[in-house]
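Colleague: Okay, here's the prediction I keep looking at, along with the sequence it came from:
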Amino acid sequence: MKVAEVLERKDRTVHNMNADQTVDKAIDTMTAKNTSALIIVEGGRPVGIFTERDVLRCYVSHRGKQFSEITLKEAMTDRLIVARADDDVSAAMATMIKADIRHLPVVKNQDVVGMLSITDLVKSHVGALTAELHYLQEYIADLQDAIHD
């Protein structure tokens, strides 16, 4: 199964914010949009990601500073790990596990066209395994019927 197939089944809205905006604004946006990750952009290009995990890191690394005083450029994860729509889901899942991340932006021509969560990929994988189990059970039942005929 390809990443594109998983994206087709979910809301493809990708929320982003400018790198010069503040952490408190990002937290407000994440809460309002019910999302756990934002793509951070500069000049319309993705330069990083800001996740719930980054909120905690920001709190620890900027003790004594208000979130309204910290820009996303200071708090974001600037190493953007991405997938492409034609990547296999298993490869995307392996990338996320290896990098210990829970959000994977999907890019096309350097633009973010979707965002996958580890939950999206696990649901997809479980769905595929469930379908395979169903087919195997039918196959076994057909073999048992053939034996008794």
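Modeller: Received the coordinates, thanks.
Colleague: okay, CA-based contacts and neighbour counts for the rest of this
Modeller: Will do.
Colleague: Identify each buried residue in the helix or strand encompassing residue 5, please.
Modeller: Assigned by DSSP states H and E, residue 5 falls within helix 3-8. Neighbour-count burial for helix 3-8 flags 3-4, 6-7 (criterion: 16 or more other CA atoms under 10 Å).
Colleague: which other helices and strands contact it?
Modeller: strand 111-117, helix 118-148 (3 or more CA pairs under 8 Å, 6 or more residues apart in numbering; DSSP states H and E).
Colleague: and these, which is most packed in?
Modeller: strand 111-117 (a mean of 19; mean count of other CA atoms under 10 Å).
Colleague: Now tell me what touches that one from outside.
Modeller: Strand 111-117 has contacts (CA atoms under 8 Å, 6 or more residues apart in numbering) with 7, 12-14, 45-46, 102-107.
Colleague: What part of the protein, helix or strand, is modelled with the least confidence?
Modeller: helix 118-148 (a mean of 76; mean pLDDT, DSSP states H and E).
Colleague: So what touches stretch 13-20?
Modeller: 26, 37-42, 71-73, 112-115.
Colleague: if we go to 6 Å?
Modeller: If you take CA atoms under 6 Å, 6 or more residues apart in numbering as the criterion, stretch 13-20 is touched by 38-42, 71-73, 114.
Colleague: go on, stretch 29-39?
Modeller: 15-16, 49-52.
Colleague: what comes up buried for that stretch?
Modeller: Residues of stretch 29-39 classed as buried by neighbour count (16+ other CA under 10 Å): 29-30, 36-39.
Colleague: low pLDDT regions in the chain?
Modeller: 127-129, 131, 149 (pLDDT under 70).
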